[in-house]
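A.B. asks: Structure of the sequence below:
(2 chains)
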Protein chains: 2
Amino acid sequence: MNNKNEISQVAVDALRPLGRLAFEGLGLAPNAAEQVAKVLVLADLFGLTTHGLSRIESYGARLESGGISAAAEPTIEPLAPAVARIDGRNAVGPLVGMAALEAGMDIARQFGISLVLARGSNHFGPVSPYSYLAAEQGFASIIGSNATTTIAPSGGSDARLGNSPLGFGVPNPDGNHFMLDMAMSVVARAKIRNALKRGESIPDSWATDASGKPTTDPAAALDGFLLPIGGHKGYGLALVVDLLAGLLSDAAYLTHVKSWVDAPDEPQNLGHFFILIDTARLGSVEWLKGRMIDFAAILHQSPAVDSGSPVIVPGEIELRKMQRYLQEGVPVDPATKALLDQYASRTA
Amino acid sequence: MNNKNEISQVAVDALRPLGRLAFEGLGLAPNAAEQVAKVLVLADLFGLTTHGLSRIESYGARLESGGISAAAEPTIEPLAPAVARIDGRNAVGPLVGMAALEAGMDIARQFGISLVLARGSNHFGPVSPYSYLAAEQGFASIIGSNATTTIAPSGGSDARLGNSPLGFGVPNPDGNHFMLDMAMSVVARAKIRNALKRGESIPDSWATDASGKPTTDPAAALDGFLLPIGGHKGYGLALVVDLLAGLLSDAAYLTHVKSWVDAPDEPQNLGHFFILIDTARLGSVEWLKGRMIDFAAILHQSPAVDSGSPVIVPGEIELRKMQRYLQEGVPVDPATKALLDQYASRTA
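C.D. replies: Take a look at the predicted model:
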């Protein structure tokens, strides 16, 4: 038996049903709970612990307070032969995300490419689980979501845009899919908090103080705003994600997005976008596999600057972790395990 | 009359036909020459001088040596109802780009979204002229091209990927379109050359030396590789562009792309991708206009860190320059003017 304060290693065959039961305990229908658990368990399998089942803490609190609707069923509205809009009706984010992904794959199978926009949603987890599920079916993907505002515009001095996640996937039929899942900030806030704890200064490219000026003081940075990658480039990219995910989807955007921290019991009206491309239309499986293997090999063959750290291709870290955790079990922290057990016990 | 060493201000109504005649002088059919001039003159109107008609120098040399085919007519192959592939047949890049853009708009008008991949192409100019032409017709766009390899993979020590341009557009029916056109490097090489001239050091985030290690010495940086924005994030984004534009289009990718500098008389087999979304399918013109105006206003209203530099939205600089140059004439440097006149005189 595990000590209560230790990370558990839970077999994925046990973790998926536990996740499903926990979300059923929070009021979701069995199918809906299964979809949500599928996304969050994949996040844990990829090692994205902060975006995996640990989210049951915030999702659970908001489901309990009515900030997220447990009973909502997303609806789909066709807008053009290859375009649809999902109204999430304030359901749990990954449920809306999975509805968008599945609709997008259906449409792209018919037309070669599809766009599914989602409104009325909430935090949908990381992007890579969706990219992975799409890649497993042969779809390349461009997927993004807007987010609570935490970043100042370039040259501005208050939070007006979100650290919006943007992800890409390109399938390799041999399973080694390319997957890139990124937010637009140089670093996550956690990295600044760690510098503060250690009493270290930070590079001035990470964040600004509250007045919008770059700072090397982690305390000032935590009162200020994360800086996007590449200055105006990252600022522009974050705006692109919000334009596609929020503005064009008819969801909230920029400062119209409600903060789930400040107003947990109000709908956020987050938006997402899913662009899916059926690679089966572009060439044979062998053609794609040969090119994807060659693509990765060219990168791997670049002599490493540090001989202990060979060049990697985005997606490799996540897929290697998944292979390991499928064998050894998925690490689950004790607080998350306790919450999962508690909510799951309601269905007994 | 202008002094021969001064920048000319040429009225756009004179510059477009001059550009067309110059490309006719280089052997292009009148329609083809008109398309190429349209893209490059728009680049000059946006102030993107290095990617405008000045390119007649490199395009002209390669057309003359047969490295680019003057007579080639791009062909189009439908791959799925909403997906097509252009074979540029080694034509001038902007001609291939315009063929892809026009095919993409036709398809997106029918299906709501389209993907057009292009292979067998060459340098197609900057992205923003295509984003602008699409936005003027109500299409949002994601457009990219691969490029000659100049960047090392993260942690690698030789050039294996291109500084691939990636651009986005979202139309505002009032004409103030959102346009973001970016390459993945932190800075252009010209900025490092300028630091060297002034005897200044550079931030270690700009480039590495020849061994792949970050450097503050501009001379060492010019022997090394440009660094992408956000480290592994920009590296990943550059790979995404090459996967879509090169690998999935059946063009060359990574080190398979021939350098037009080292091998100017060989086909590069560059690739592009055009994803176009018909915003007319998403909501009314008034709906879109209201949201786009509000979106920009929210950003503009962020108090400026430097009161002389208010927050701007990507696309504003280019569109303001265009307004000015349409009135005052387009700046054309004397070397470019002389080449345009020289090639155009052949058609007399």
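
A.B. asks: can you pull the contacts of A:P267?
C.D. replies: Taking Cβ atoms under 8 Å, 6 or more residues apart in numbering or on different chains, we find A:P267 in contact with A:67-69, A:90, A:120, A:122, A:258. No exception for glycine: its C-beta is placed from N, CA and C like everyone else's.

A.B. asks: I'd like these written out as JSON lines, with distance to chain B, secondary structure and pLDDT added.
C.D. replies: What follows is these, written out as JSON lines (distance: Cβ to the nearest Cβ, whole Å; DSSP: H, G, I helix; E, B strand; the rest coil; pLDDT from 0 to 100):
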{"residue": "A:G67", "distance to chain B": "24", "secondary structure": "coil", "pLDDT": "94"}
{"residue": "A:I68", "distance to chain B": "25", "secondary structure": "coil", "pLDDT": "96"}
{"residue": "A:S69", "distance to chain B": "24", "secondary structure": "coil", "pLDDT": "97"}
{"residue": "A:N90", "distance to chain B": "21", "secondary structure": "coil", "pLDDT": "97"}
{"residue": "A:G120", "distance to chain B": "15", "secondary structure": "strand", "pLDDT": "98"}
{"residue": "A:N122", "distance to chain B": "21", "secondary structure": "coil", "pLDDT": "96"}
{"residue": "A:K258", "distance to chain B": "15", "secondary structure": "coil", "pLDDT": "83"}
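
A.B. asks: ok, which pair from those is furthest apart?
C.D. replies: Spatial extent of the contacts of A:P267 (Cβ to Cβ) is set by the pair A:S69 and A:K258 at 14.3 Å.

A.B. asks: quick check, the longest helix seen in chain A touching chain B?
C.D. replies: Using DSSP state H to define each element, chain A has its longest helix at helix A:93-111. Yes: for helix A:93-111, a contact with chain B is found by Cβ under 8 Å from any Cβ of the partner chain, at A:110-111.

A.B. asks: Do a quick rundown of the helices in the stretch 101-250 of chain A.
C.D. replies: Under the criterion DSSP state H, counting those that start in this stretch, the stretch 101-250 of chain A contains helices at A:128-136, A:189-198, A:218-223, A:232-242.

A.B. asks: looking at the ones you listed, which one has the lowest mean pLDDT?
C.D. replies: Comparing mean pLDDT across these, the weakest is helix A:189-198, with a mean of 89.

A.B. asks: any idea which of the contacts of A:P267 has the most stuff around it?
C.D. replies: A:I68 (29 neighbours; other Cβ atoms under 10 Å in any protein chain shown).

A.B. asks: Any residue of stretch A:180-196 touching chain B?
C.D. replies: Yes: using Cβ under 8 Å from any Cβ, we find that stretch A:180-196 touches chain B at A:180, A:182, A:186.

A.B. asks: now the most centrally placed residue in chain A: how far from A:V12?
C.D. replies: Geometric centre of chain A, nearest residue: A:P126, 1.3 Å, by Cα atoms, centre = their mean. Going from A:P126 to A:V12 by Cβ to Cβ, to the nearest Å gives 17 Å.

A.B. asks: Grab the nearest non-local neighbour of A:D223.
C.D. replies: Counting by Cβ to Cβ, 6 or more residues apart in numbering or on different chains, A:A210 is the residue found nearest to A:D223 once chain neighbours are left out, at 4.7 Å.

A.B. asks: Likewise for A:A33?
C.D. replies: Excluding its sequence neighbours, the residue lying closest to A:A33 (Cβ to Cβ, 6+ apart) is A:F23, at 3.6 Å.

A.B. asks: I'd like to know how far that neighbour sits from A:L53.
C.D. replies: For A:F23, the distance to A:L53 - Cβ to Cβ - is 10 Å.

A.B. asks: and what of A:G93?
C.D. replies: Per Cβ to Cβ, A:G93 is found 14 Å from A:L53.

A.B. asks: Looking at these two, which one has more neighbours?
C.D. replies: Each of A:G93 and A:L53 has its neighbours counted (other Cβ under 10 Å); A:L53 has more, 30 against 24.

A.B. asks: wait, isn't A:R291 in contact with B:L247?
C.D. replies: Yes: at 5.2 Å, A:R291 and B:L247 qualify as touching, with contact defined as Cβ atoms under 8 Å.

A.B. asks: So between those two, which is more surrounded?
C.D. replies: Neighbours were counted for A:R291 and for B:L247 using other Cβ under 10 Å; B:L247 has more, 26 against 20.

A.B. asks: mind listing what that one touches?
C.D. replies: Going by Cβ under 8 Å, 6+ apart, B:L247 touches A:170, A:291-292, A:295, B:253.

A.B. asks: what pairs with A:I143 across the strands?
C.D. replies: Beta-bridge pairing of A:I143 under DSSP bridges involves A:G167, A:F274.

A.B. asks: Check it and give its pLDDT.
C.D. replies: Model confidence at A:I143, given as pLDDT, is 98.

A.B. asks: residues near it, how many?
C.D. replies: By other Cβ under 10 Å, the residues close to A:I143 number 30.

A.B. asks: Equivalent analysis for A:P203, please.
C.D. replies: 14.

A.B. asks: what's the answer for the one 5 residues further on, then?
C.D. replies: The number of residues packed near A:T208 is 22, by other Cβ under 10 Å.

A.B. asks: Distance of it relative to chain B?
C.D. replies: 8 Å (Cβ to the nearest Cβ, to the nearest Å).

A.B. asks: Verify the contact between that residue and A:D223 for me.
C.D. replies: No: assessed by Cβ under 8 Å, A:T208 is found out of contact with A:D223, at 9.6 Å.

A.B. asks: Report the secondary structure state of the residue nearest to A:A33.
C.D. replies: helix (DSSP: H, G, I helix; E, B strand; the rest coil).

A.B. asks: OK, contacts around it?
C.D. replies: Residues in contact with A:F23 (Cβ under 8 Å, 6+ apart) are A:32-33, A:36-37, A:56, A:92, A:343.

A.B. asks: Any of those buried? List them.
C.D. replies: Buried members of the contacts of A:F23, counted by 16 or more other Cβ atoms under 10 Å in any protein chain shown: A:32-33, A:36-37, A:56, A:92, A:343.

A.B. asks: which ones among these are found in helices?
C.D. replies: Using DSSP H, A:32-33, A:36-37, A:56, A:343 are the members of the buried ones among the contacts of A:F23 that sit in helices.

A.B. asks: Need the residues you listed in a markdown table (columns: pLDDT).
C.D. replies: Formatted as a markdown table, those follow (pLDDT from 0 to 100):
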| residue | pLDDT |
| --- | --- |
| A:A32 | 98 |
| A:A33 | 98 |
| A:V36 | 98 |
| A:A37 | 98 |
| A:I56 | 96 |
| A:Y343 | 98 |
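
A.B. asks: Next up, the contacts around A:N172.
C.D. replies: Residues in contact with A:N172 (Cβ under 8 Å, 6+ apart) are A:135, A:178, A:288-289, A:292-293, A:296.
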